[in-house]
Every structure is written in C-alpha cells, then in structure tokens.
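J.: requesting a structural model of the entry that follows:
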Amino acid sequence: MERTGPPARMTGLLAAFSAALLAAGGLAASAPAAAAADAAADADLARNGTFEAGLDGWSCTGGSGAAVSTPVHGGTSALKATPAGSDNAKCSQAVTVKPDSTYTLSAWVQGSYVYLGADGTGTTDVSTWTQSAPAWQKLTTTFKTGPSTTSVNVYTHGWYGTPAYYADDLTLIGPGGAPVTVPAAPAGLTAGTPTSSSVPLSWTGSAGATGYNVYRGGTKVLSATGTSATVTGLTAATAYSFQVSATNSAGESAKSAALSVTTKTGSTGGGGALPAHALVGYLHSSFANGSGYTRMADVPDSWDVIDLAFGEPTSVTSGDIRFSLCPVAECPNVESAAEFKAAIKAKQAAGKKVLISIGGQNGQVQLATTAARDTFVSSVSKIIDEYGLDGLDIDFEGHSLSLNTGDTDFRSPTTPVIVNLISAVKTLKAKYGDKFVLTMAPETFFVQLGYQYYGSGPWGGQDPRAGAYLPVIHALRDDLTLLHVQDYNSGSIMGLDNQYHSMGGADFHIAMTDMLLTGFPVAGDQTRTFPGLRPDQVSIGLPASTQAGNGHTSPAEVTKALNCLTKKTDCGSYATHGTWSGLRGLMTWSINWDRFNNWEFSKNFDAYFGS
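T.: Predicted structure coming up:
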C-alpha cells in the first residue's frame, strides 16, 4: 500500500506561520538545512533496477526471470518473471545498507498478484503487493535497518500458478553502506564421524559471508547457508579431499585448505550380495488378488528380491504387525507353513533375498507413539525370525505418513510418525547387522512431488502427505539397500526440467529416476536440497501388466528408459543429468501378475541385462 504525504498546497495561515518561523532565523532555519543535507546523502542503491543490463545483479529462482523489450515502463527493458509449479518467480538482489537507517523501496509493476519487498532488514521485513495491475502501477514500501544490519535483500515475486508479471524502474532510496567485499576463505575445516557413505563437515564462518560452497576433489557438490554440511553418496573405505569457500554478493572466496577424510569400511546400504542388476518383485503371499496364488517354490530364478505382501497392523496406530499365509478358501493351492519356510531357505541358498513388506494399500501404519514404535520393532522382528527373512520392505501408502504443520525441513523432521519410523528401522538394522536388506516402495506423491510441495507448506493448506517419505529416505540413506518408487497409479509429476510428465511411457520413468539420482531442492528451496542416491540404491518400479495398476509401460518403452538412464541413448525430450550404468534394476507389482501375463516383465528384464 502506497503511503502519501500532506497536500502540497498550504493554507494562508500555515504559510504565514512557516514564514514567521523562518524569519526568526538561527535554530528554526537549521532544521530544514540539516534535512536537506541528509536528503542529499541519500541515493538509489539498487543495482540495475531498470533492467537495461539484463539480469545483471539479479537472481531469479528456477530460471524464471528474463529481461524483455516490451512492455517497459521506462527505457528499453523490463523484468519478466514467470511462476511455475511451486516456484513463485522470486527475483532478488543483496544491497549494502547502513545500520539504523530508513529506506524507501519502489518499483513499477504490471500483472496479477505482484509483490515487492525487502528481507534481512534486522527489524521488521516488509512487503507490498497488488492483486491486479493491467497497466503499470507503482508499489512503494519503507523500512528501517537494525543496529547491525549492513545488507538487505530486495525482491519481487508473483504467485503460484499465475501468469508472468513485469517489473521496472526499481529503486531503493537511502544512505549507502560500505562496499561489500569478497569474504576471506573459511578456516578450521573439520570432519565429524564419517559413515560408509557420508562425511559431516564443519568450519569457522567468514566475516561478511552469506553462504558457503563445499567442494569434493575440486568439484562443487553442495551449498550451505550455515557453517556445517554433510556430503553424501560416497563410497565405503575411500579417501576424499574436501574444501569450503565463502560467498556473498561480491563473489566467492578462495577455497579453504584441503581436508582428507576416509569413509568407514563396511556396509553401503546392506544387502551387498545382490547382483549388479537385480529384479525385485512382490509375491502375493497373504492373498490372491485376482491373479492367482503363486507358491514360493514356483517363483522363477529371475527374481533376485522377493517381497512378501503384506505384513499388516492389527490397527492403524498399534504398530503390531502380523503376517500369515493366504487362507485356503482364497488360495486352494497354498503351501503349508513348513513348505513355505523351506522354499524361502532354498531361494536364499540360490542367492535370493526374501523380505517382509509392511503396509500396502490396505495396511495403514502410523507409529504415532514410542509405544507403537517399540511394538513395531518387536513384531517385525518376530516375523523376520520366524520365517528366516533377509530384511524389510517399507510400503507405507495412503495416510501412513504425513507431516505435521510446521515440520518444514526434511533434514530434521519433528513429526512423531516420521521420527518413530526412522528410529524403529535403525533399531532393526542395528539388531540384524550389515546383511540386513532394507528397501522402500513409496508412491511418487511422497517423493518426487516434494520438488514442488512439502507437507502443508509455509502457509498451510497443502496436502500434508506431499513429500513425506523424503525425511525417512534421507535419514536412512546409509542403511538403504534399494529405493524403488512406484512409477504407477500416479498423477502427472513435475521433473527437473520444470515440465509435467505422465506415466505409461519411457519419459516418465526417465524423469522420475533422474530426480532420485541427481537430487532436487525440496519445495523449490535451494538451501534444502535432497541429495541424490547412489545408482546401486535405485530401481524403477512398474506394474507387470495392465491388470496390475494404472501406468503399465510396454517392454519397448521400458527398454528405452533403461537405455537412456544407463547409456544416454533413446532419451527423447528429457535431458538427464548423468549416465548411470550402475542403476540397480527394476521392481514390479507383482510376481503374480507377471505370471498372469506370461512372464512378459521378467523376460524383458532378463533379455536386457543378459540374465
């Protein structure tokens, strides 16, 4: 909202009174003179607020901004910024200011839901906006800096899902601060206790720095706003060299002295005996589901990991997981428990892994209390011990996982159902050791959708389940054997190209898998980036037949997806961020449906990987 001053026209009485004061001279006349001197010290501090030099000095989220020649308010250029998905097209710059000083921020804007503001003021951050500006409209706001504030961020942004907005002739009027200089290189780089695949780093902050870059072997691997970060995705028993630099609006410092750290020897996620390329399938062990019952002994050798579907809770919040074989009334050809256990041992003797899968469509599990967590651990342990299983598959769907309001950082979750699940799985891993196989089968809604939305969002109102698997995956990444997201029964999902991708073709699997291997900023926040997983930790989840789920992908399209991800051929319009010959393989729902479909899925896998 624009603030206005007193009317320019003065009444005769007021004019005469002012003249009398001035005539008195001395003290009365010195105040306007001082004010004039102060005003003379004020200047426009915004860099390239006219956008005549393109985006020089400006940073726009997600590549949303560009300088255009029409429409313009003045000169020959203006800013055009386009919101997309969870990106509100925020364009900002850091400006050097003086402490305890007053500033006026203005800009001419055009479009719907256009915002102008400043943050980092050290007092009260400010913003103003217009709901609709079909023609150029001026926005103005003022703020005062805090006693130690030397830099503020000024910005414009639009609103989610709205068309592009325009901004021009942006000014920040007030006293100028000391020039920003490039910070010194950080000192004191040290490492915490490394794991087999990650190294925690910390360092001493540099004066004037607004951020830090972390380098591994001379290559930048992540950015941080604080003085600590954890580098993930490393190889066990391997020496790495790390350095850190400091950054601000003036540039980047030299790198710190190098620090050599060797990762821990041991497990890189469990299940090290898996073949280089593995086929994972779910076996309907407790039900038939229209596809017919398949006995454990009849599962072909193509399958390297067999997930028993499903262990289910006695109630949603009990944490008490139970598993039993399909009733004879539903599965007339079901084997006895003794035969089932003997067949499991035979599969394991042949190098196969057999896991208990918890959850599924009907098995809602919410570990809302520590009592439920402890019951989960004991009941799952009982199933693993009774059947002699190799590990656990987490297939929480529906409303099993959601984030409480205010739980906004996947790196440090606070929601009990999330925290308790992480704790329970870590306890199971500690109990069974490095050979314990841990897999997860989340839906895209709980993982890749996190690129756009996370939980209920900063203003509330979003689905709290969005991205809710991310804190679980991240906390357990050093224990995780395989992540095989269900690339089916899914709506369209935005990829790293900021385009929406739909299930059923190679493009969907390429884009969704690329996100897992590359990593991505969560809810568009570049300071909260979900690190990519190792390729040996990732398999692509698909339905085995048209009856098995929405999004069935033909063998030819599956082959295209594999070619693109492992060889960078047959990629179509989506450009991957790497080539991953070590991609672990494929997962399918299900072994039973593949049998129903004359083993089309597993035959294609065997043909591709030469099994």
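
J.: just the helices in the chain please.
T.: 12-23, 27-41, 337-349, 370-387, 416-432, 470-475, 506-518, 555-567, 591-596, 600-609 (DSSP state H).

J.: Q486: which of those helices is closest?
T.: Nearest of those to Q486, taken as CB to CB: helix 506-518 at 9.8 Å. The C-beta positions use only the backbone N, C-alpha and C, and glycine is treated the same way.

J.: surely T210 touches T96?
T.: No. In terms of CB atoms under 8 Å, T210 does not count as a neighbour of T96; the distance is 11.7 Å.

J.: out of the helices of the chain, nearest to P442?
T.: helix 470-475 (7.8 Å).

J.: T230: how many residues sit nearby?
T.: Counted with other CB atoms under 10 Å, residues neighbouring T230 total 18.

J.: who does it bridge with?
T.: P200 (DSSP bridges).

J.: show me the shaky parts of the stretch 101-250 of the chain.
T.: Of all residues in the stretch 101-250 of the chain, none has pLDDT under 70.

J.: please, where are all the strands along it?
T.: 102-119, 126-144, 151-157, 165-175, 187-191, 199-204, 211-216, 219-224, 228-231, 239-248 (DSSP state E, counting those that start in this stretch).

J.: give me the contacts around stretch 365-381.
T.: Outside stretch 365-381, the residues within contact range by CB atoms under 8 Å, 6 or more residues apart in numbering are 311, 313, 316-322, 356, 358-359, 392, 396, 399-400, 416-417, 420-421, 423-424, 427-428, 431.

J.: beta partners of the closest residue to L482 other than its chain neighbours?
T.: Excluding the flanking residues, the one nearest L482 by CB to CB, 6 or more residues apart in numbering is T439, at 4.3 Å. In this structure, T439 bridges to D393, L482 when assessed by DSSP bridges.

J.: centre-most residue in this structure?
T.: The structure's the chain has its C-alpha centroid closest to V522; by CA atoms, centre = their mean the separation is 2.5 Å.

J.: assess the claim that S59 and A81 are in contact.
T.: No. Using CB under 8 Å, S59 makes no contact with A81, being 11.3 Å away.

J.: who has more neighbours out of these two?
T.: A direct count of neighbours by other CB under 10 Å for S59 and A81 places A81 higher, at 26 against 15.

J.: how many residues are close by the residue nearest to S286 when sequence neighbours are not counted?
T.: Nearest residue to S286 in three dimensions, chain neighbours excluded: C326, at 5.5 Å (CB to CB, 6+ apart). Burial of C326 is recorded as 18 neighbouring residues (other CB under 10 Å).

J.: was I right to think C326 contacts G292?
T.: No. C326 lies out of contact with G292 (CB under 8 Å); the separation is 10.6 Å.

J.: coming back round to it: okay, and the common contacts of T210 and T96?
T.: S151, S249.

J.: lowest-pLDDT helix or strand in the protein?
T.: Across the helices and strands of the chain, the lowest-confidence element by mean pLDDT, DSSP states H and E is helix 12-23, at a mean of 34.

J.: and T444, what does it touch?
T.: Residues counted as contacts of T444 (CB under 8 Å, 6+ apart) are V485, Q486, D487, S490, G491, I493, M512.

J.: again, but for L234
T.: S196, S197, S198, V199, Y240, T263.

J.: residue contacts, the residue nearest to R373 when sequence neighbours are not counted?
T.: Spatial nearest neighbour of R373, excluding adjacent residues (CB to CB, 6+ apart): N420 at 3.9 Å. Contact analysis of N420 by CB under 8 Å, 6+ apart lists L367, A368, T369, T370, A372, R373, F376.

J.: if you rank those residues by neighbours, which is first?
T.: L367 (28 neighbours).

J.: ok, that residue to G455 distance?
T.: Plainly put, L367 is 18 Å away from G455 if you go by CB to CB, to the nearest Å.

J.: you'd agree Q131 is up against G111?
T.: No. Using CB under 8 Å as the test, Q131 is too far from G111 to be in contact (10.2 Å).

J.: where does the residue lying closest to H484 once chain neighbours are set aside land on pLDDT?
T.: Residue nearest to H484 in three dimensions, not counting chain neighbours: M587, with 3.6 Å by CB to CB, 6+ apart. For M587, the pLDDT comes out at 98.

J.: ok, M587 to L234 distance?
T.: Distance from M587 to L234, by CB to CB: 25 Å.

J.: beta partners for S127?
T.: Under the criterion used here (DSSP bridges), S127 is bridged to G117.

J.: about what we covered before: ok, and the most crowded of the contacts of L234?
T.: The contacts of L234, ranked by neighbours (other CB under 10 Å): first place S197, 25 neighbours.

J.: my guess is that one meets R534, correct?
T.: Yes. Taking CB under 8 Å as the definition, S197 is a contact partner of R534 at 7.2 Å.

J.: once you drop chain neighbours, what's closest to T559?
T.: Nearest non-adjacent residue to T559, counting by CB to CB, 6+ apart: Y608, 6.1 Å away.

J.: and if you look at A164?
T.: According to CB to CB, 6+ apart, the nearest residue to A164 is T82 (4.1 Å).

J.: just checking, the one you found touches G161?
T.: No. Look at T82 against G161 with CB under 8 Å: they stay out of range, at 11.0 Å.

J.: quick one, which of these two is more surrounded?
T.: Set T82 next to G161 and count neighbours by other CB under 10 Å: T82 wins out with 17 against 11.

J.: distance of that one from P416?
T.: Distance from T82 to P416, by CB to CB: 39 Å.

J.: check N404 too.
T.: 8 Å.

J.: what sits against E397?
T.: G359, G360, Q361, G363, Q364, E443.

J.: circling back to that earlier point, the residue nearest to H484: how many residues sit nearby?
T.: Neighbours of M587 (other CB under 10 Å): 27.

J.: equivalent analysis for W459, please.
T.: With other CB under 10 Å as criterion, W459 counts 6.

J.: got it, and A288?
T.: Neighbours of A288 using other CB under 10 Å come to 17.

J.: quick one, what contacts it?
T.: A288 neighbours (CB under 8 Å, 6+ apart): C326, E330, C331, N592.

J.: per-residue confidence for the residue lying closest to P327 once chain neighbours are set aside?
T.: Nearest residue to P327, sequence neighbours excluded (CB to CB, 6+ apart): V334, at 7.6 Å. For V334, the model assigns a pLDDT of 97.

J.: go ahead and confirm V334 touches Y293.
T.: Yes. V334 is within contact range of Y293, at 5.8 Å (criterion: CB under 8 Å).
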